[in-house]
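# requesting a structural model of the entry that follows:
(one chain, ligands or ions: 2)
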Amino acid sequence: MTGGAGFLGSHLCQRLLADGHDVLCIDNFYTGTRDNIVALLGNPYFEMQRHDVTVPLNIEVDEIYNLACPASPIHYQNNPVQTTKTSVHGAINMLDLANRTGARIFQASTSEVYGDPEVHPQSESYRGSVSTTGPRACYDEGKRCAETLFFDYYRQHALSIRVARIFNTYGPRMLPDDGRVVSNFIVQALKGDPITIYGDGKQTRSFCYVDDLIAGFISLMAADDPFTGPVNLGNPNEFTIRQLAETVLRLTASSSTLIDKPLPEDDPTQRCPDISLAKESLGWQPGIELEEGLKRTIAYFRETL
Ligand code: NAD
Ligand code: UDP
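Ligands and ions are numbered 1, 2, ... in the order given. Got it, this is the predicted structure:
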């Protein structure tokens with residue numbers, strides 16, 4: 001697994017070990033941490049290798065989960081050239097590895113391939129509305145190009161590929177300074193700091209709890225060929241950012257105030273997955289609703305802060 005020391009990667013490592021797999025975690029610790037995987041380091045079936053996926057890797061593997069890439073806007077915009085390199089060169093290097101070893105390969109793609117969508121909810125057939133030049137383009141276009149590479153390797157080299165388009169996912173092991181909305185609001189509420197609403201807070205997102213998403217990854221990887229995706233994985237219950245802030249305040253019993261901050265450029269106004277394909281093809285749908293997932297995430301941050 002690449003990006004195995006990150007938020008989603010560490011949960012996936014844990015799940016694969018529990019399922020009896022032998023896991024090699026590749027990470028350069030850009031946004032991942034040793035703390036995320038420290039509990040796994042004593043497991044003889046778990047290995048950690050510090051490595052940057054923009055550099056080719058020569059190992060023997062049966063399956064590849066390609067998760068390496070910073071996912072939070074503040075982190076992926078911090079070094080945008082490296083973000084595109086991670087998505088594009090990382091995809092090429094992992095696809096070459098899959099081609100040489102015959103491994104099935106999974107790509108962590110994103111709802112950002114739909115950009116600021118004109119279609120709602122978004123289904124896989126929608127081709128997106130993405131800026132090629134804006135501050136999010138390093139991530140959005142990098143991930144779009146990675147999808148292109150996956151499908152070209154599939155057609156050209158008959159690789160077994162699985163492409164998941166992941167919608168906003170949250171849960172324990174997000175970094176307190178990750179910058180994404182759920183961790184920001186919980187940390188601010190627990191510290192009694194103002195809750196930072198970007199723009200008018202009317203923009204929407206649909207939040208998936210991490211355990212649901214990881215179950216979707218496993219189902220997708222286990223699906224029979226020729227199923228390739230792309231397939232949306234996310235929770236279709238949609239909330240405004242202001243509703244999220246109010247829910248976090250209520251669940252934390254915090255007296256933090258709400259303050260308005262400027263809306264970042266190209267921030268998508270609405271986002272909600274159509275998960276019909278995942279339901280039909282994988283028999284997958286999320287089961288943990290926002291309040292329950294937030295309670296678990298709040299409990300984690302209470303302990304770690
Ligand atoms: P994260 O930032 O916590 O994890 C990314 C991991 O990749 C980190 O451990 C980081 O150190 C590692 N990494 C970054 N660049 C690397 C490189 N060049 N070489 C090796 N390792 C590198 O983010 P996450 O939320 O766990 O996201 C994991 C994947 O899922 C990403 O590809 C992301 O684009 C995708 N995704 C996540 C979400 C979400 O809501 N969490 C939504 C859509 C897509
Ligand atoms: N957001 C916010 N306050 C924050 C962090 C984010 O209002 O402290 C907003 C952000 O502008 C966006 C939404 O919450 O509209 C989700 O942002 P996030 O960075 O979590 O993910 P993405 O924009 O990639 O979906």
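
# burial measure for the residue nearest to residue 40 when sequence neighbours are not counted, as a count.
Excluding the flanking residues, the one nearest residue 40 by CB to CB, 6 or more residues apart in numbering is residue 46, at 4.6 Å. Every residue, glycine included, has its C-beta placed from N, CA and C. Counted with other CB atoms under 10 Å, residues neighbouring residue 46 total 20.

# tell me the bridge partners for residue 46.
residue 23 (DSSP bridges).

# same check, this time on residue 110
residue 166.

# distance of it from residue 19?
25 Å (CB to CB, to the nearest Å).

# neighbour count: these two, which is higher?
Using other CB under 10 Å as the criterion, residue 110 and residue 19 rank with residue 110 on top: 22 against 9.

# report the separation between the more buried one and ligand 1.
4 Å (CB to the nearest ligand atom, to the nearest Å).

# my guess is that residue meets residue 142, correct?
No. Judged on CB atoms under 8 Å, residue 110 makes no contact with residue 142 at a distance of 9.8 Å.

# and the strands in the stretch 101-250 of the chain?
104-110, 161-166, 169-170, 195-198, 204-206, 208-209, 231-233, 238-240 (DSSP state E, counting those that start in this stretch).

# how about residue 9, what does it touch?
Listed by CB atoms under 8 Å, 6 or more residues apart in numbering, the contact partners of residue 9 are 1, 2, 3, 25, 27, 32, 36, 65, 67, 68.

# and the fifth one, how many residues sit next to it?
Close neighbours of residue 27, defined as other CB under 10 Å, add up to 27.

# now it: closest residue in space that isn't a chain neighbour?
residue 5 (3.9 Å).

# residues in contact with the one you found?
Residue 5 neighbours (CB under 8 Å, 6+ apart): 25, 27, 29, 32, 33, 34, 36, 37, 48.

# from the centre of this protein, point out the most distant residue.
residue 255 (30.5 Å; CA atoms, centre = their mean).

# check which helix or strand covers that one.
Residue 255 belongs to no helix or strand when assigned by DSSP states H and E.

# that one and residue 119, how far apart?
The value you get for residue 255 to residue 119, if CB to CB is used, is 40 Å.

# same question for residue 153.
Distance, residue 153 to residue 119, by CB to CB: 28 Å.

# out of those two, which sits in the busier spot?
Each of residue 153 and residue 119 has its neighbours counted (other CB under 10 Å); residue 153 has more, 20 against 14.

# read off the pLDDT value for the more buried one.
We have a pLDDT of 98 for residue 153.

# for it, give me its contacts.
95, 98, 99, 159, 161.

# what is the nearest of the residues you listed to residue 232?
Minimum distance to residue 232 across the contacts of residue 153 is 16.2 Å, recorded for residue 161 (CB to CB).

# how about that closest one, what does it touch?
104, 105, 106, 107, 150, 151, 153, 154, 228, 229.

# before we move on, what about residue 222?
Residue 222 neighbours (CB under 8 Å, 6+ apart): none.

# look up how far residue 68 lies from it.
22 Å.

# equivalent analysis for residue 37, please.
14 Å.

# of those two, which one has the most company?
Using other CB under 10 Å, the more surrounded residue of residue 37 and residue 68 is residue 68, with 29 against 23.

# and that one, that's in a helix?
No. Applying DSSP: H, G, I helix; E, B strand; the rest coil, one finds residue 68 to be coil, outside a helix.
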